[in-house]
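Engineer: test case, fold it:
(one chain, ligands or ions: 3)
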Amino acid sequence: MTAVRLTGWQKPPEVTRVPVPEPGPGEVLLKVAGAGVCHSDLHVMDWPAGALPYDLPFTLGHETSGWVHTLGPGTQNTGLREGDAVLVYGPWGCGVCPACARGAENYCHRAAELRAAGGGLGLDGGMAEYMLVPSARLLVPLGDLDPRTAAPLTDAALTPYHAVKRSLHKLVPGTAAVVIGVGGLGHMAVQLLKALSPADVIAVDVASDKLDLAAGAGADHCVPAGEGDADRIRTLTGGLGATLVLDCVGADATMATAAACAAVEADITVVGLAGGTLPVTFGAVPFEAAVSIPYWGTRPELAEVVALARAGRIRPHVEVHPLGEAGEVYQRLRDGRVDGRAILVP
Ligand code: NAD
Ligand code: ZN
Ligand code: ZN
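Structural biologist: Ligands and ions are numbered 1, 2, ... in the order given. Predicted coordinates for the structure are as follows:
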């Protein structure tokens, strides 16, 4: 089968042929419907050898949807049936530790020992015709949602869902939430905030087409990133600042904007991995602001995201490309030319 593989650090991925895997005991073979192209893959590719504990090569794609193709021995009584449309929950933990037991495999206590974060992140992922999923517990049923365009729910939506949910109790009427960077994650964050909170949603991006995407996703205000962006946000919030700032970039500049536009007691939540730093000291951030760096989301939260999508409350804005065009699509993402989320289909 065709697969998009990372074969060397600081190298573009290769489209190559690999054997179709056989599901062993407890495993499920998925026929892939679509694999989302996440900006994190660019960070993974760009980091030098040794930065991540992953062995090469592996198939990319940590945002995957598809149909159950073959149930391995011992999975027949899981409720899954061949042909079922499913999402793959992406962060694969040990499945047993206290974090995994509550479905928070993103925070598996044994993560360091596992030396891979999941399929597409150290183990074979979804940018292929078939994907081996190590346990039925990692599959979330899609019901009547079309798996061909559902892949972004597993990361582009789950990550901001987890990040935003922590702050919902603060987002009372009259408050504002800022989303910085309206790409794959950010355009879902805008929709999630509109679906889950009464807060005014302010989107910030360097690109005007991304601000158009934010407006289409329901943002109440759109602010071009750069000089004066935090002042604009202060004005829009009557001088108080935003109660939640979700930074989907994570660069020095965006974290500085986040601190400058946050309200007293705000949550400054950074999910972008651009490697910026934010000084946290008196005067640098508002009083009692909480800065956090959440990672991905939990299995129960992915089921909640699917419920929102099935109810029509959120919908990924996608562009679809054939698997063989992976190289060009990653370049589009690097150049900021992807509209919403790109999906590769076999
Ligand atoms: P993307 O490329 O689709 O979107 C990034 C957006 O940020 C684009 O719209 C771009 O125009 C905008 N942008 C870039 N620089 C900016 C700046 N200085 N100011 C304002 N906007 C700017 O990326 P994505 O797939 O949505 O991922 C976003 C980030 O989140 C990446 O760093 C990715 O690695 C990270 N990520 C983190 C997690 C996590 O669990 N923490 C999960 C998934 C992705
Ligand atoms: Zn990702
Ligand atoms: Zn665990």
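Engineer: okay, now Gly8: neighbour count?
Structural biologist: 13 (other CB atoms under 10 Å). No exception for glycine: its C-beta is placed from N, CA and C like everyone else's.
Engineer: for Gly181, that is, sorry about that
Structural biologist: There are 28 residues near Gly181, going by other CB under 10 Å.
Engineer: quick one: it from Thr75, how far?
Structural biologist: 39 Å (CB to CB, to the nearest Å).
Engineer: interface residues of the chain facing ligand 1?
Structural biologist: 38-40, 43, 155, 159, 180-186, 204-207, 210, 225, 248-251, 253-254, 271-274, 295-296, 333, 336, 338 (CB under 6 Å from any ligand atom).
Engineer: the residues you listed: which ones sit near ligand 2?
Structural biologist: 38, 40, 155 (CB under 5 Å from the ion).
Engineer: make a markdown table out of those residues and add pLDDT and secondary structure.
Structural biologist: A markdown table is the format used below for those (pLDDT from 0 to 100; DSSP: H, G, I helix; E, B strand; the rest coil):
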| residue | pLDDT | secondary structure |
| --- | --- | --- |
| Cys38 | 98 | coil |
| Ser40 | 98 | helix |
| Asp155 | 98 | coil |
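Engineer: in a markdown table: those residues, plus distance to Gly103.
Structural biologist: Formatted as a markdown table, those follow (distance: CB to CB, whole Å):
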| residue | distance to Gly103 |
| --- | --- |
| Cys38 | 21 |
| Ser40 | 21 |
| Asp155 | 16 |
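Engineer: with respect to ligand 2, which of those residues is nearest?
Structural biologist: Nearest to ligand 2 among these is Cys38, at 3.1 Å by CB to the ion.
Engineer: burial check on that closest one, number of neighbours?
Structural biologist: 28.
Engineer: one more: Pro279?
Structural biologist: So Pro279, with other CB under 10 Å, has 10 neighbours.
Engineer: would you mind measuring from it to ligand 3?
Structural biologist: From Pro279 over to ligand 3 the distance is 33 Å, taken as CB to the ion, to the nearest Å.
Engineer: would that residue count as being in a strand?
Structural biologist: No - remark: Pro279 does not belong to a strand; assigned using DSSP: H, G, I helix; E, B strand; the rest coil, it is coil.
Engineer: and the gap between it and Ala136?
Structural biologist: In terms of CB to CB, Pro279 sits 46 Å off from Ala136.
Engineer: if we can go back for a sec, of the residues of the chain next to ligand 1, select the buried ones using a ChimeraX command.
Structural biologist: The following ChimeraX line selects those of the residues of the chain next to ligand 1 that are buried, judged by 16 or more other CB atoms under 10 Å:
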select :38,39,40,43,155,159,180,181,182,183,184,185,186,204,205,206,210,225,248,249,250,251,254,271,272,273,274,296,333,338
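Engineer: mind listing what Leu132 touches?
Structural biologist: 21, 23, 27-30, 119, 124 (CB atoms under 8 Å, 6 or more residues apart in numbering).
Engineer: at 6 Å what do you get?
Structural biologist: Applying CB atoms under 6 Å, 6 or more residues apart in numbering to Leu132 gives the contacts 21, 27, 29.
Engineer: for the stretch 101-250 of the chain, which residues are neighbours of ligand 2?
Structural biologist: Asp155.
Engineer: quickly note the distance from Cys248 to Gly126.
Structural biologist: For Cys248, the distance to Gly126 - CB to CB - is 22 Å.
Engineer: kindly report the same for Lys210.
Structural biologist: 25 Å.
Engineer: what do you get for Ala284?
Structural biologist: From Ala284 to Gly126 the distance is 41 Å (CB to CB).
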